[in-house]
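J.: Predicted model and sequence below, questions to follow.
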Amino acid sequence: MNQIKIFIGNDHAALEYKNNLLEYCQKKGYQIDDKGTYTNQSCDYNDYAINVCNEVIKSNGIGILICGSGVGISMMANKVKGIRCGQVNDYDSTLKAIEIGCNIISFGARTVGIEIAKQIVETFISNQNRIINHEIEKEILSVEELNYGK
């Protein structure tokens with residue numbers, strides 16, 4: 001069992017997709033805290049992005065966000081201080097997101113096939129101990145301080 005806290009959030013466009021990923025992760029032994037949505041009723045992804053971001057910050061965990069395209073939910077997540085959300089589409093972009101210190105990834109239920117999504121999630125979770133690029137980390141922290149203050 002992994003030690004890191006993992007959170008997932010989605011909008012209505014990604015409900016069935018997320019449920020499929022949760023089932024896959026459960027079979028792999030990952031425990032993921034589902035922050036919703038839990039219905040296919042139209043909703044605003046912003047609320048779910050913020051919920052996941054707050055949990056990731058509070059627990060020093062990681063997050064997975066899914067909407068129709070992965071774009072909007074990623075943009076909202078990146079408005080939260082301390083969050084580095086990378087929109088990923090495949091194995092290589094997921095490894096890059098880990099390397100540059102992303103603590104959340106996003107992708108689209110309408111744009112990334114479910115088998116690729118499973119590979120993305122597995123890669124993101126199982127590679128959390130990889131060495132990140134510390135030069136990029138310093139640069140991101142300085143930009144955050146400049147824009148968000150202390």
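T.: Yep, it's here. All values reported here derive from a predicted model rather than from experimental measurement. Residues are numbered from 1 along each chain as shown.
J.: got any ranges where the chain has weak pLDDT?
T.: Scanning the chain for pLDDT under 70 picks out 1-2, 130-134, 149-150.
J.: same thing but at 50, please
T.: Applying pLDDT under 50 to the chain flags residues 1-2.
J.: Dig out what residue 32 forms beta bridges with.
T.: When bridges are called by DSSP bridges, residue 32 pairs up with residue 6.
J.: distance of it from residue 114?
T.: From residue 32 across to residue 114, the span is 16 Å (Cβ to Cβ, to the nearest Å). Using the backbone N, CA and C atoms, a C-beta is placed for each residue, glycine as well.
J.: Who has more neighbours out of the two?
T.: Comparing residue 32 with residue 114 by neighbour count (other Cβ atoms under 10 Å), the higher total belongs to residue 32, at 20 against 13.
J.: What is the neighbour count of residue 146?
T.: 8.
J.: again, but for residue 51
T.: Neighbours of residue 51 (other Cβ under 10 Å): 17.
J.: Is there a neighbour count for the closest residue to it other than its chain neighbours? I'd like the number.
T.: The shortest distance from residue 51 to any non-neighbouring residue, by Cβ to Cβ, 6 or more residues apart in numbering, is to residue 35 (4.5 Å). Other residues lying near residue 35 total 22 when counted by other Cβ under 10 Å.
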